[in-house]
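Asks: Quick one: sequence and predicted model below, then my questions.
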2 protein chains.
Amino acid sequence: MNESPTPMPGRPVRGSTTGRSLMAALDLFGRRWTLRIIWELGNEPLGFRLLQRRCDGMSSSVLQQRLTELQEARLAEVLRDGNYTLTPLGHDAREALCPVIEWSRRWAADLAANDVA
Amino acid sequence: MNESPTPMPGRPVRGSTTGRSLMAALDLFGRRWTLRIIWELGNEPLGFRLLQRRCDGMSSSVLQQRLTELQEARLAEVLRDGNYTLTPLGHDAREALCPVIEWSRRWAADLAANDVA
DNA sequence: AATGAGTGCTTCGAATTCCGAAGCGCGGTC
DNA sequence: GACCGCGCTTCGGAATTCGAAGCACTCATT
């Protein structure tokens, strides 16, 4: 029942009264599972339960919350067949995430090289 | 007391037993304030309290937690003068975040154009 | 029509995470 | 000494997340 509002540019955001779009984005993406959901939905449209499985069985209540947020933020939408998918804006967001993916590879490589554990 | 382990490639991560580097990155970045801290530290090295102010006065306990995680993940380190800064790897991560920043601008523009509220 | 399986989604108590005010010990500086 | 700001910790309460259970619905199959 207690849901903090969906972060949106132009309105105050958790941790920032300015509502700058960057801060709104960082708040939105900084919620657990949000990045993962965008990533999984970017691969293909998915139904609720299948999406949940792709996200390693994340809790359905939070998934529902995140999907609502993503729809409000115009990143996701429901297809006529009932599946969830990314809007064009959502796909842009996912592509903006690609450098992060590439970085994570370098990250793994660096840690493997410099670490002992 | 109860701290979930710092996400690292190669070890099991919250919500994924594979330890794939991407999932580790998504878990790390999907924690509140983490993205923001990387962003603020990328601008310039900062001391603890100043960094806290830059992050809209986020709670010191969580800031301490995040800084520890970022250090363990080799994204951040402490300078000899005591300030926090990003490692080269951390700077790479921040640059990987730049497209997200650009995207957030398009996001704001799109919402302003298509929305009424 | 009945059964069963799968779906999207909700509920709710418990576990985890986050918050924030307060305070500690420390090094400077007046 | 008496400040002051620093990095950092503590801890009780608030907010978020979890996950098992269940509801209403659709679609086959029988």
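Replies: Alright, I've got the coordinates. Numbers count the residues shown, from 1 in each chain, chains lettered A, B, ... in the order given.

Asks: alpha carbons only for contacts and neighbour counts from here, please
Replies: Noted.

Asks: Buried residues in the longest helix seen in chain A, which are they?
Replies: The longest helix of chain A (DSSP state H) is helix A:88-114. The neighbour-count criterion (16 or more other Cα atoms under 10 Å in any protein chain shown) identifies A:89-101, A:103-108, A:111 as the buried residues of helix A:88-114.

Asks: what kind of secondary structure is A:Arg80 in?
Replies: Judged by DSSP: H, G, I helix; E, B strand; the rest coil, the three-state class of A:Arg80 is coil.

Asks: What is the neighbour count of it?
Replies: Residues lying near A:Arg80 (other Cα atoms under 10 Å in any protein chain shown) number 7.

Asks: Give me the pLDDT value at it.
Replies: We have a pLDDT of 93 for A:Arg80.

Asks: phi, psi of it?
Replies: Torsion angles at A:Arg80 (phi, psi; degrees, to the nearest 10) stand at phi -60, psi -30.

Asks: For it, give its distance to B:Arg80.
Replies: 58 Å (Cα to Cα, to the nearest Å).

Asks: what's the offset of stretch A:89-105 from the middle of its chain?
Replies: Computed by Cα atoms, centre = their mean, to the nearest Å, the chain-centroid distance of stretch A:89-105 equals 11 Å.

Asks: can you give me the helices for chain A?
Replies: Under DSSP H, chain A gives helices at A:21-29, A:34-43, A:48-54, A:60-72, A:88-114.

Asks: now check the fourth one, is it near chain B?
Replies: This means helix A:60-72. No. Interface with chain B: helix A:60-72 contributes nothing (Cα under 8 Å from any Cα of the partner chain), its closest point being 10.2 Å away.

Asks: so that helix versus helix A:88-114, what angle?
Replies: 120 degrees (axes from the mean of the first three to the mean of the last three Cα atoms, to 10 degrees).

Asks: Could I get the buried residue list for helix A:60-72?
Replies: A:Leu63, A:Arg66, A:Leu67, A:Glu69, A:Leu70, A:Gln71.

Asks: Verify the stated contact: the last one with A:Glu77.
Replies: Same thing as A:Gln71. Yes. Using Cα atoms under 8 Å, A:Gln71 makes contact with A:Glu77 at a distance of 5.6 Å.

Asks: Any idea which helix or strand in chain A has the lowest mean pLDDT?
Replies: The helix or strand of chain A with the poorest confidence is helix A:21-29; it has a mean of 87 (mean pLDDT, DSSP states H and E).

Asks: thinking again about what came up before, would you reformat the helices of chain A as JSON lines and include distance to B:Ala25?
Replies: Output for those, formatted as JSON lines (distance: least, Cα to Cα, whole Å):
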{"stretch": "helix A:21-29", "distance to B:Ala25": "12"}
{"stretch": "helix A:34-43", "distance to B:Ala25": "10"}
{"stretch": "helix A:48-54", "distance to B:Ala25": "17"}
{"stretch": "helix A:60-72", "distance to B:Ala25": "19"}
{"stretch": "helix A:88-114", "distance to B:Ala25": "6"}
